[in-house]
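> below is the sequence, then the predicted model.
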Amino acid sequence: MTVAAPAAECNPRYGGSAQVQVSVTDKSGAKVVDAIAPMTDSGEFTYVFTVPAKIAVGVATVTAMPYNIDWCDDTGRNNRAEGTAQYELVSCAMPQESLTITR
């Protein structure tokens, strides 16, 4: 399975050591994948994994978001670039996609 995102058009400036957290939660609510992978300064990433055999049949949820940064600050300021110590997190929506598991 591959989870990927193209570079953002808005120049988010995540930094040279940016990472993305990829998670897969199965229908039973069990988190079967929880990984951190490299991400570019502009948010581009590709993460490849094998779907675990223990995953429950049904609809699973896949999420991928920048790891350990103010990924949902929509105040119009780039807190990462400005070095702001306290982030204002507002109107966040968890980015997610569905994955249907069958046997």
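Sure, I can see it.

> how about stretch 29-41: buried residues?
Across stretch 29-41, burial judged by 16 or more other C-beta atoms under 10 Å covers Val32, Val33, Ala37, Met39, Thr40. Backbone N, C-alpha and C define where each C-beta goes, glycine included.

> which of those residues lies closest to Gln96?
Within the buried residues of stretch 29-41, proximity to Gln96 (C-beta to C-beta) peaks at Val33, which comes in at 13.1 Å.

> between the buried residues of stretch 29-41, which is nearest Gln21?
Nearest to Gln21 among those, with distances taken as C-beta to C-beta, is Ala37, at 8.2 Å.

> distance check, the closest one against Val24.
Computed with C-beta to C-beta, to the nearest Å, the distance linking Ala37 and Val24 is 13 Å.

> next one: Val33
Val33 is 4 Å from Val24, by C-beta to C-beta.

> what is in contact with those two at once?
Phe49 (C-beta atoms under 8 Å, 6 or more residues apart in numbering).

> got the buried residues of stretch 29-41 as JSON lines, with distance to Ala56, pLDDT and secondary structure columns?
As requested, the buried residues of stretch 29-41 are arranged in JSON lines below (distance: C-beta to C-beta, whole Å; pLDDT from 0 to 100; DSSP: H, G, I helix; E, B strand; the rest coil):
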{"residue": "Val32", "distance to Ala56": "8", "pLDDT": "96", "secondary structure": "strand"}
{"residue": "Val33", "distance to Ala56": "13", "pLDDT": "96", "secondary structure": "strand"}
{"residue": "Ala37", "distance to Ala56": "24", "pLDDT": "97", "secondary structure": "strand"}
{"residue": "Met39", "distance to Ala56": "28", "pLDDT": "96", "secondary structure": "coil"}
{"residue": "Thr40", "distance to Ala56": "33", "pLDDT": "94", "secondary structure": "coil"}
